[in-house]
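A.B. asks: Give me the fold of what follows.
(one chain, ligands or ions: 2)
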Amino acid sequence: MKPALKMGMIALVGICLVFYQYHLSFGIRVDQIPALKFDLNAGQPPDGPDGIPVNSDTYGCSIAHQKLTEEMIRYAVDAVRKSNGLGPEIGVQLTEEILNQLNKLTIGNRGKDRLLSQTPAQTTINSVVAAADKFADENPLYVITPTYRRPEQVPELTRMAHTLMLVKNVHWLVIEDAHTPTQQVTDLLQRTGLKYEHLVAPMPEQYKKKNGAKPRGVSNRNRGLQWIRANATSGVFYFADDDNTYDIKLFDEIRTTRKVSMWPVGLCTKFGLSTPIVKNGKFIGFYDGWMAGRKFPVDMAGFAVSVKFLLERPKASMPFRPGYEEDGFLKSLAPFNPSEIELLADNCSQVLAWHTQTKKNEPSAALDKEKYASTNLIKLKQQIV
Ligand SMILES: *[C@@H]1O[C@H](CO)[C@@H](O)[C@H](O)[C@H]1NC(C)=O
Ligand SMILES: *[C@@H]1O[C@H](CO)[C@@H](O)[C@H](O)[C@H]1NC(C)=O
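C.D. replies: Ligands and ions are numbered 1, 2, ... in the order given. Purely as a prediction, here's the structure:
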């Protein structure tokens, strides 16, 4: 339990207890209070039971008080949810958990001293904190990053690691196109403190020998899918290459994915942009500089998929077909149609992912180890892949 989260939970339960003590004097249970009966995340007008508006003062509570409490609980649940890296749906479940706990308290204390003792409050905090922890463990964001040994590898992964270190509840699957893992990458991953897997998945020989464009990263991404099928039950996954640039806002958006979500990618193709086209909040087509007869002309960095959705499609995988990897994978998720795409980034009106590319560097020349024996150069050279 992170200290910030714990403080958030304590504040939240504190608010609930004030709320509870206030309403105890009216002899009603928490779930009978109209202000709490509507979906705390949906922001609907607060109607009481049988459509009685809460501001009719049915239970003798002041309007201002109810509005304040409701806002406070919504705000607190949201803060706790975000600080633990959880999607908005979890907020609803967390709220339910809090209400359940408060009801138990109310029932347990009826007829007793109306002031709460420390013990049930502590029990409530513990159980709500445990619920938040459980939701976080069960709903990670899996980031699948294919990579390969080259001079830019460590700096690219360093930049990406720093982005992911700002993201809560993320599990990074770093998969090298190699027979053995690169030591410098292993060292970097250990230093980040991130939850990660370091795997290898070499491109099959038959594709390596081919002339022209090669299906790079396919065997890595399929290895990532294999890991998810074996080890994940819920959450969301995203194919994130190590040379792109990601706005950290993107990762919170991705968490809401129920099936497949999409958003714009900048610096992509000759249009400088690849994105679903959205009109009046509805998907009407794709904008991409290379359509090539694809059903899903999108960039690898432009979509995320729910783990459950993948697990329901045991045959889904990425084809070894250069240029058609995204299209082939999304088609393998059938039944799934473009009309079902969840449009993120404010109806696809913001660029939160950039298809940046690094300048290629020549492999470095060997170091004269005799001439530079016992100098810093020996150690430095070991860090250059
Ligand atoms: C699942 O996770 C375990 C434990 O980390 C690992 O040993 C195993 O290889 C993973 N399964 C796959 C298919 O990657
Ligand atoms: C997307 O657009 C629709 C229609 O204009 C609107 O109702 C909806 O609130 C928008 N969603 C977001 C997240 O901006």
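
A.B. asks: where do the strands sit along the protein?
C.D. replies: 141-147, 170-176, 195-200, 236-239, 245-246, 260-262, 265-266, 273-279, 282-287, 303-306, 342-343, 353-354 (DSSP state E).

A.B. asks: For residue 293, find the nearest of the ones you listed.
C.D. replies: Among the strands of the chain, the nearest to residue 293 by C-beta to C-beta is strand 282-287 (12.0 Å). Every residue, glycine included, has its C-beta placed from N, CA and C.

A.B. asks: how does this structure divide up, domain by domain?
C.D. replies: Domains of the chain are assigned by automatic domain parsing as 3-136, 141-354.

A.B. asks: Looking at those, which is nearest to ligand 1?
C.D. replies: domain 141-354 (3.5 Å; C-beta to the nearest ligand atom).

A.B. asks: and the closest one, is it in reach of ligand 1?
C.D. replies: Yes. Interface with ligand 1: domain 141-354 contributes 226, 227, 230, 231 (C-beta under 6 Å from any ligand atom).

A.B. asks: Now pLDDT and neighbour count too, for those, in JSON lines please.
C.D. replies: Shown next, in JSON lines, are the residues of domain 141-354 next to ligand 1 (pLDDT from 0 to 100; neighbours: other C-beta atoms under 10 Å):
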{"residue": "226", "pLDDT": "98", "neighbour count": "14"}
{"residue": "227", "pLDDT": "98", "neighbour count": "19"}
{"residue": "230", "pLDDT": "98", "neighbour count": "7"}
{"residue": "231", "pLDDT": "97", "neighbour count": "11"}
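
A.B. asks: Sitting in helices, which of the residues you listed do you find?
C.D. replies: 226, 227, 230, 231 (DSSP state H).

A.B. asks: OK, contacts around the second one?
C.D. replies: Spelled out, it's residue 227. 173, 197, 199 (C-beta atoms under 8 Å, 6 or more residues apart in numbering).

A.B. asks: Give me the buried subset of the residues you listed.
C.D. replies: 173, 197, 199 (16 or more other C-beta atoms under 10 Å).

A.B. asks: which residues touch the second one?
C.D. replies: Residue 197 sits next to 171, 172, 173, 174, 227 when contact means C-beta under 8 Å, 6+ apart.

A.B. asks: Please apply the same query to the last one.
C.D. replies: Residue 199 sits next to 173, 174, 175, 176, 181, 223, 224, 227 when contact means C-beta under 8 Å, 6+ apart.

A.B. asks: Could you export those as TSV, including distance to residue 6?
C.D. replies: Shown next, in TSV, are those (distance: C-beta to C-beta, whole Å):
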residue	distance to residue 6
173	29
174	30
175	35
176	37
181	36
223	37
224	33
227	31
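
A.B. asks: Just give me the neighbour total for the residue of the stretch 251-385 of the chain found nearest ligand 2.
C.D. replies: In the stretch 251-385 of the chain, no residue comes nearer to ligand 2 than residue 281, which is 2.6 Å away by C-beta to the nearest ligand atom. Look at residue 281: counted by other C-beta atoms under 10 Å, it has 8 neighbours.

A.B. asks: Compute the first-to-last residue distance for stretch 377-385.
C.D. replies: 14 Å (C-alpha to C-alpha, to the nearest Å).

A.B. asks: Buried ones in that stretch, by neighbour count?
C.D. replies: Applying 16+ other C-beta under 10 Å to stretch 377-385 flags residue 385 as buried.

A.B. asks: what does stretch 136-151 give?
C.D. replies: Within stretch 136-151, judged by 16+ other C-beta under 10 Å, the buried ones are 136, 139, 140, 141, 142, 143, 144, 145, 146, 147, 148.

A.B. asks: Same check on stretch 325-343?
C.D. replies: 325, 326, 327, 328, 329, 330, 333, 336, 338, 341, 342, 343.
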